[in-house]
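**Student:** Provide a 3D model corresponding to the input given below.
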Amino acid sequence: MFSFRSPSFATRTLSRVCQQPISAYRVAAPAARSLLTRHFASLEQNPSSSPKRFAHTSASKAPEDSYIKNNLERHASLKDKIVDLGKFIDSCELCMVTTAKGNPPALVSRWFLKLIHNTCFCNFQEQAGVSLIFHTNTQSTKTEHLKDDPRVNISFLKGERGEWASISGDASVVTDRETIHKYYSSTLKPWFGDLDDGVHDGGPDDPRIGVIRVKTTQAAYAIVGDGMLGKDASQFTGSAKDVPRINKLRLLTKEELQEWRDANGTA
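**Tutor:** Purely as a prediction, here's the structure:
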């Protein structure tokens, strides 16, 4: 795919077209496309001829991000990272779940509310704490999205403290009644309603009720400890060299998550 890296050439070419009389448009437009195509193709073949957009041409040569340098906990234990993430999620009242729709994909987000403790919203304790469980309407658009692309992102935020989490994973829709009964809560009824047909009543055997199980593939989160700035970092007026820690920034890689699953005997 060509990228528009030489606006001056594109502008000159399109201006040349626009200055043509209307009767010449059908001839000029294809010519402009041909000129632009050849120009961008040459840039792809000779990237050195394209103007530099950033001071750093290689991420490996760029200086380390100061926020990450000051806040990333590189030596936190795997157990602490898993347990603390679970505690943070359990303290949140809602989250945003993002799926991909269409081809090319467009991202679609919707919120999930925690109705009761560890139910309906999510249960992070599934599979030793590395899978998330959500209830869903099997007739909803998100289940259709997941059929085409199982990749999801789930984000959590506690704005009053400046804490957040972003979790990526692969989702599957589960409809077997044993799993539905395991996670069912009567607080689901208002969300599904009763269609008065003896089947679609919002109960545990309502075929519309399903479960989305998200197998976490990677995660990043930030929690605030004692003496850390958290959301008040923007109010700090001292020297940029003396900024206190803002939060505990932690990362969970795919390899770490698999290591945890292996150690706990989960898939």
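
**Student:** what about stretch 189-207, start to end distance?
**Tutor:** Taking C-alpha to C-alpha, to the nearest Å, stretch 189-207 runs 13 Å from one end to the other.

**Student:** what pairs with the helix or strand containing residue 220, and is each one parallel or antiparallel?
**Tutor:** Assessed by DSSP states H and E, residue 220 sits inside strand 209-223. Strand 209-223 has the following strand partners under DSSP bridges: strand 131-137 (antiparallel), strand 163-174 (antiparallel), strand 248-252 (antiparallel).

**Student:** Out of these, flag the one nearest residue 97.
**Tutor:** strand 131-137 (7.0 Å; C-beta to C-beta). Where C-beta positions appear, they are placed from N, C-alpha and C, glycine not excepted.

**Student:** Mind listing what's buried along that closest one?
**Tutor:** 131-136 (16 or more other C-beta atoms under 10 Å).

**Student:** what do you get for stretch 177-190?
**Tutor:** 180, 183-184, 188.

**Student:** for stretch 152-168, same thing?
**Tutor:** Those would be 152-158, 161-168, for stretch 152-168 by 16+ other C-beta under 10 Å.

**Student:** same question, stretch 248-262
**Tutor:** Here stretch 248-262 shows 248-250, 252, 256-257, 260-261 as buried, counting by 16+ other C-beta under 10 Å.

**Student:** want to throw those into a markdown table with distance to residue 97 and pLDDT?
**Tutor:** As requested, the buried residues of stretch 248-262 are arranged in a markdown table below (distance: C-beta to C-beta, whole Å; pLDDT from 0 to 100):
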| residue | distance to residue 97 | pLDDT |
| --- | --- | --- |
| 248 | 24 | 80 |
| 249 | 23 | 86 |
| 250 | 21 | 90 |
| 252 | 18 | 94 |
| 256 | 23 | 93 |
| 257 | 19 | 92 |
| 260 | 22 | 90 |
| 261 | 22 | 88 |
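
**Student:** Please identify which of those residues is nearest to residue 144.
**Tutor:** The closest of those, once distances to residue 144 are taken by C-beta to C-beta, is residue 257, at 27.3 Å.

**Student:** what's near enough to touch the residue lying closest to that closest one once chain neighbours are set aside?
**Tutor:** Closest residue in space to residue 257, ignoring its immediate chain neighbours: residue 130 at 5.3 Å, by C-beta to C-beta, 6 or more residues apart in numbering. Neighbouring residues of residue 130 by C-beta atoms under 8 Å, 6 or more residues apart in numbering: 82, 215-216, 257, 260-261, 266.

**Student:** can you redo those residues as TSV with distance to residue 143 and secondary structure?
**Tutor:** Shown next, in TSV, are the contacts of residue 130 (distance: C-beta to C-beta, whole Å; DSSP: H, G, I helix; E, B strand; the rest coil):
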residue	distance to residue 143	secondary structure
82	28	helix
215	17	strand
216	19	strand
257	24	helix
260	28	helix
261	25	helix
266	24	coil
